[in-house]
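> prediction below, plus the sequence it came from.
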Amino acid sequence: MRVVAALPANGELLVQSTARLSASAKVELNTIVRRMFRLDEDFAPFYAAIENDPDLSWAAKGAGRMLASPTAFEDVVKTICTTNCAWSGTVRMVTALVEQLGEGAFPEPGVMARAPARFYRDAARAGYRGAYLRTIAAHVAAGSLNLELLRPEFGLPDAEAEKKLMELPGVGPYACAHVMMLLGRYHRLILDSSTRPAYLRLSGKRRASDRSITRAFRGYGAFAGLAFWLMLTRSWVADQS
DNA sequence: CGTCCAGGTCTAC
DNA sequence: GGTAGACCTGGACGC
């Protein structure tokens, strides 16, 4: 079965499946799609805050919905696969997970936990990340770790969600900030070897410490990370009028 | 062929 | 709490 999503240009999101879906499958698909496209998140406060912002007012008509994975677990794994390697490496690792463990879909935690070390080494070529991924998958599969509870709807404060993420092997400041954004927690700035130079180009500064970058966005409060991300990715958006 | 580094993190000071 | 060094991998680069 294959599911595709399309934007028919009438303001709606169209989701189609090649297979007939049961009632429960429709409910599950609905939940997944709403998460991926952030359909239940309220961006109104953010848009209100930037409507007169010379750098960000362009985003106030609907930008900012970073595409998320169906599960927080998947976003954590994928994010670890972006650390300290080129994008081609991330694609290699995630493709191996999907094609060789997940039968075309992202693998369940239990499947990742049971995969032998040689899969991570020889197929995914994940290097030292392999042990991190398998450890996290094992804890999730065992039920001793539930990353889905980090979603804002469960009420855990940002600081505690961050602490939980930072406790995961392979998750440091960058990965933590990245996953927080994908969870719909927009305070932390994603600072890495891509966004730092991008900020320098944008600001015209010759150099800027992480501390000073963070300070420059503190005015956006709970949406500082989203404001930072949108400014850096403005060129990704076709219509910026 | 050696070095560097790409959407960093961990450990040991 | 801040900071060197090591760490898998593979592609780019200089020699």
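Good, I have the coordinates.
> doesn't A:V4 fall inside a strand?
Yes. If the criterion is DSSP: H, G, I helix; E, B strand; the rest coil, then A:V4 is within a strand.
> dump the residue contacts of the closest residue to A:K78 other than its chain neighbours.
Spatial nearest neighbour of A:K78, chain neighbours left out: A:V94 (5.8 Å); criterion: CB to CB, 6 or more residues apart in numbering. Using the backbone N, CA and C atoms, a C-beta is placed for each residue, glycine as well. Contacts of A:V94 were listed using CB atoms under 8 Å, 6 or more residues apart in numbering, and they are A:V77, A:K78, A:C81.
> what's the answer for A:A113, then?
Under the criterion of CB under 8 Å, 6+ apart, the contact list for A:A113 reads A:R134, A:A137, A:A138, A:V140, A:A141, A:A142.
> element containing A:Q16?
Element membership of A:Q16 [criterion: DSSP states H and E] is strand A:14-17.
> reformat the contacts of A:A113 as TSV; add neighbour count and pLDDT.
Below are these laid out as TSV (neighbours: other CB atoms under 10 Å; pLDDT from 0 to 100):
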residue	neighbour count	pLDDT
A:R134	21	98
A:A137	25	98
A:A138	16	98
A:V140	23	98
A:A141	17	98
A:A142	11	98
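> tell me the one among these nearest to DNA strand C.
DNA strand C lies nearest to A:R134 out of those, by CB to the nearest atom of the strand, at 13.6 Å.
> contact partners for the closest one?
Contact criterion CB under 8 Å, 6+ apart gives A:M112, A:A113, A:A115, A:A117, A:Y120 as the residues in contact with A:R134.
> how many residues are close by the closest residue to DNA strand C within chain A?
When distances are taken as CB to the nearest atom of the strand, chain A approaches DNA strand C most closely through A:G127, which lies 2.1 Å from it. Burial measure for A:G127: 13 neighbouring residues, criterion other CB atoms under 10 Å.
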